[in-house]
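K.L.:
structure, please.
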Amino acid sequence: MPGVVRLALAQARRDRVLLPVWILGIALLGFVTATAVATEFDAESERAAIIGVAAVSPAFLFLRGLPDGTGIGAVVFFQGYAFTAVLAGLMSTFLVIRHTRADEELGREEIIGSLPVPRAAPLAATLLLGAAANLVLAASVAAGFAASGLPGTGAVTAGGAVGAVGVFFVAVAAAVAQVMPSGRSANGAAAGLVGAAYLLRGIGDAFGSPSADLTQVTSGWASLFSPIGWGQRSRPFSDADPVPLLVLTGAAAVVAVAVLVVRSRRDLGGSLLPERAGRERAGAGGTSFLGLAWRLQLPTLIGWCVGAAVLGALAGGLGPVVTDAVVGNESLKELIGRLVPGSRAEIIDVFTAALLGIAGVFAAAAGVQAVLRLRAEEVEGRAELLLAVPRSRARWLGANLVLAAASVTVVAAVAGTAAAVGLSLSGTGNPPGALLIGAALAHVPAAAVFLSATAVVFAAAPRLCIPVGWGLLAGGLILGQFGELLRLPSWVQDLSPFRHSAAMPVEPFDPAAALALTAVALLGAGIAVYLIRRRDLAA
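P.N.:
Coordinates of the predicted model:
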């Protein structure tokens, strides 16, 4: 046990910057959301109106969660819990994979294995660190809610809901690390499970049953398969119930014990799904940087496309449900008018535009991950072998930037196509399918800005590119999704490239904004290529 604690402390020292940034960022988001809701909807009648509209709108239920009363705390939890739970899940999965499967690939765990410690000691230390990090996260979120003036009991329960989801994904990521053969595939699979949990929660909530007074909604059965859905069942600000959180932590403990047993019997570097051996000789495409990048990143791109297809299909498949919800609902029509002043948009258009906006974030994440793979190639020594041939670093970076841009476009197109197909199969012909594909592709220029910014950081300060790259994307998402709610100045919201994407089919396509974003992305790519030529490979 002392050895496990020491290993956990050593892992914590490696994450002494990254973990506090995650924890403080999530807690700050909760605090700012609570403060903004208290300021924006200080009157009971205003909160009742927004909750009443959400209770009968599958679009709001899918994106935000379950309404559970009209108190300030209940509205805060409704507005922000699902998003903070996703962030907690991502923090946990990245932490676990970084200290398990990735360490095995880099040889760190082999060094630890030479010491007189059990085979599963590094994994046990990671589980301990993950549990401690989420405990601190829960306390920080609770402190942020309490500091904003919310009731103490509800704040503690809400923080516990976020932390319990994180603890559950610590155990899930540890299991994924035993199954997948590489850190890249493990990260993708674990992050995909976080996204699946959000989608299952959204589906269950969208098909939930509202109460007679439209202040609460009982979720559907699908949310029972989502840890995020279990967390929101704690109902912190109406009727706090810790039992769902105990269920989550208990399930996490069971999975953790099973994973420790598997790790104690698994050889170092082995996996339940063995890595498939490649061909003896590369094909024609494998002799170029672009072909090699395509070969290496194809599985990751397929994963992003699957997620985008699911999201797009939901955007189209829920069309009839959304249409039925708006019939005869004047409050909902009034809210749409407030959200989109001067527009005659229908609720199905607003819903579709919102989900395709999230698909645009998916596309940006696919592009950022493609760029960040360069850093993994550099750290693990493969870039040095590649650049031993008569090829320049600029060509290496340029090929990967081309593939990243193609990944952004493909993921967005898949989401738009899936939305068009889903809408067609649902029997709702508005908006047209071709318009939905264009609506998804409208977010490509904004997504390209993020991948070019990540490339600039990689070329200038490679050790910072991973946290900065994902941090920029998270910041752009927060400004785009919560900027209005947080009542941020317009110029601050305009810092997010997503702010300048046309929310089709609600808004018309803005070619000037798209060209400006494309120009910024190309400028960033040019700067990155210039900078990469002026530095050596770094460890």
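
K.L.:
tell me the spacing between residue 537 and residue 462.
P.N.:
Per CB to CB, to the nearest Å, residue 537 is found 9 Å from residue 462. The C-beta positions use only the backbone N, C-alpha and C, and glycine is treated the same way.

K.L.:
okay, the two: which has more neighbours?
P.N.:
Higher neighbour count among residue 537 and residue 462: residue 462, with 18 against 14, using other CB atoms under 10 Å.

K.L.:
against residue 536, how distant is that one?
P.N.:
For residue 462, the distance to residue 536 (CB to CB) stands at 10 Å.

K.L.:
same thing with residue 125?
P.N.:
34 Å.

K.L.:
between those two, which one's more packed in?
P.N.:
Neighbour comparison, residue 125 and residue 536: the larger count goes to residue 125, with 24 against 5 (by other CB under 10 Å).

K.L.:
can you pull the residues that touch both of residue 537 and residue 462?
P.N.:
residue 378 (CB atoms under 8 Å, 6 or more residues apart in numbering).

K.L.:
quick one: pLDDT of residue 15?
P.N.:
At residue 15, the model reports a pLDDT of 87.

K.L.:
for the helix or strand where residue 146 lies, which positions count as buried?
P.N.:
Using DSSP states H and E, residue 146 sits within helix 121-147. By neighbour count on 16 or more other CB atoms under 10 Å, the buried set for helix 121-147 is 121-131, 133-134, 136-146.

K.L.:
now the element after it, going C-ward?
P.N.:
helix 152-179.

K.L.:
distance of the closest residue to residue 260 other than its chain neighbours from residue 178?
P.N.:
In this structure, residue 260 finds its nearest non-sequential neighbour in residue 120, 4.9 Å apart by CB to CB, 6 or more residues apart in numbering. Residue 120 is 10 Å from residue 178, where distance means CB to CB.

K.L.:
compare the two and say which is more crowded by neighbours.
P.N.:
The neighbour comparison of residue 120 against residue 178 (other CB under 10 Å) goes to residue 178, with 22 against 18.

K.L.:
give the contact list for that one.
P.N.:
Contacts of residue 178 by CB under 8 Å, 6+ apart are 259, 262, 263, 266, 271, 272.

K.L.:
so for the nearest residue to residue 402 once chain neighbours are set aside, what's the pLDDT?
P.N.:
Nearest residue to residue 402, sequence neighbours excluded (CB to CB, 6+ apart): residue 290, at 6.2 Å. As predicted, residue 290 sits at a pLDDT of 82.

K.L.:
how near is residue 290 to residue 529?
P.N.:
In terms of CB to CB, residue 290 sits 15 Å off from residue 529.

K.L.:
of those two, who's got more company?
P.N.:
residue 529 (20 against 16).

K.L.:
which residues touch the closest residue to residue 399 other than its chain neighbours?
P.N.:
Nearest residue to residue 399, sequence neighbours excluded (CB to CB, 6+ apart): residue 289, at 3.6 Å. For residue 289, the contact set (CB under 8 Å, 6+ apart) comprises 386, 391, 395, 396, 398, 399, 400.

K.L.:
most neighbours among these, please name it.
P.N.:
residue 400 (26 neighbours).

K.L.:
close enough to count as contact, that one and residue 369?
P.N.:
No. Contact between residue 400 and residue 369 fails when scored by CB atoms under 8 Å: they sit 11.2 Å apart.

K.L.:
hmm, back to that, so the residue nearest to residue 402 versus residue 525, what's the distance?
P.N.:
Distance, residue 290 to residue 525, by CB to CB: 15 Å.

K.L.:
residue 163 too?
P.N.:
Plainly put, residue 163 is 40 Å away from residue 525 if you go by CB to CB.

K.L.:
which one's more surrounded, these two?
P.N.:
A direct count of neighbours by other CB under 10 Å for residue 163 and residue 525 places residue 163 higher, at 28 against 22.

K.L.:
need the per-residue pLDDT for the closest residue in space to that one that isn't next to it in sequence.
P.N.:
In space, and not counting its chain neighbours, residue 163 is closest to residue 138: 2.8 Å by CB to CB, 6+ apart. Residue 138 is assigned a pLDDT of 94 by the prediction.

K.L.:
in stretch 44-60, which residues are buried?
P.N.:
For stretch 44-60, by 16+ other CB under 10 Å, it's 47-60.

K.L.:
start to end distance for stretch 175-183?
P.N.:
13 Å (CA to CA, to the nearest Å).

K.L.:
and residue 217, its phi and psi?
P.N.:
Backbone torsions of residue 217, given as degrees, to the nearest 10, read phi -130, psi 130.

K.L.:
so how many other residues sit close to it?
P.N.:
With neighbours defined by other CB under 10 Å, the count for residue 217 comes to 23.

K.L.:
go on, the one 4 residues further on?
P.N.:
Number of residues near residue 221 (other CB under 10 Å) recorded here: 11.

K.L.:
please tell me how far the nearest residue to it once chain neighbours are set aside sits from residue 217.
P.N.:
By the measure of CB to CB, 6+ apart, the closest residue to residue 221 outside its immediate chain neighbours is residue 204, 6.6 Å from it. Residue 204 sits 10 Å away from residue 217, going by CB to CB.

K.L.:
what does residue 175 give?
P.N.:
To residue 217, residue 175 is 32 Å away according to CB to CB.

K.L.:
shaky segments in the stretch 301-450 of the chain?
P.N.:
By pLDDT under 70, the low-scoring segments of the stretch 301-450 of the chain are 315-348, 350-351, 426-433.

K.L.:
please repeat the previous calculation with a cut-off of 50.
P.N.:
Counting by pLDDT under 50, the ranges of the stretch 301-450 of the chain that qualify are 336-345.

K.L.:
so where do the helices sit in it?
P.N.:
Applying DSSP state H, counting those that start in this stretch to the stretch 301-450 of the chain gives helices spanning 319-326, 330-339, 347-379, 382-386, 393-426, 433-441, 444-460.

K.L.:
for residue 258, what are its contacts?
P.N.:
Each residue near residue 258 by CB under 8 Å, 6+ apart is listed here: residue 175.

K.L.:
that one sits in which helix or strand?
P.N.:
Element membership for residue 258 (DSSP H and E) is helix 243-265.

K.L.:
show me what counts as buried in that helix.
P.N.:
Buried residues in helix 243-265, counted by 16+ other CB under 10 Å: 244-245, 247-249, 251-252, 255-256, 259-260, 262-263.

K.L.:
pLDDT check: weakest of the residues you listed?
P.N.:
Taking these together, the minimum pLDDT is found at residue 263 (85).

K.L.:
my read: that residue touches residue 123, true?
P.N.:
Yes. Residue 263 is within contact range of residue 123, at 4.8 Å (criterion: CB under 8 Å).

K.L.:
just the buried positions in stretch 113-120, please.
P.N.:
117, 119, 120.

K.L.:
which one of those is nearest residue 29?
P.N.:
residue 120 (34.8 Å; CB to CB).

K.L.:
so how far is residue 102 from the closest one?
P.N.:
For residue 120, the distance to residue 102 - CB to CB - is 17 Å.

K.L.:
before we move on, what about residue 32?
P.N.:
Residue 32 is 32 Å from residue 102, by CB to CB.

K.L.:
check residue 145 too.
P.N.:
As for residue 145, its distance to residue 102 is 34 Å (criterion: CB to CB).

K.L.:
ok, residue 36 next?
P.N.:
Distance from residue 36 to residue 102, by CB to CB: 37 Å.

K.L.:
got it, and residue 164?
P.N.:
Distance of residue 164 to residue 102, computed by CB to CB: 25 Å.

K.L.:
who has more neighbours, these two?
P.N.:
More crowded of residue 164 and residue 102, by other CB under 10 Å: residue 164, with 27 against 21.
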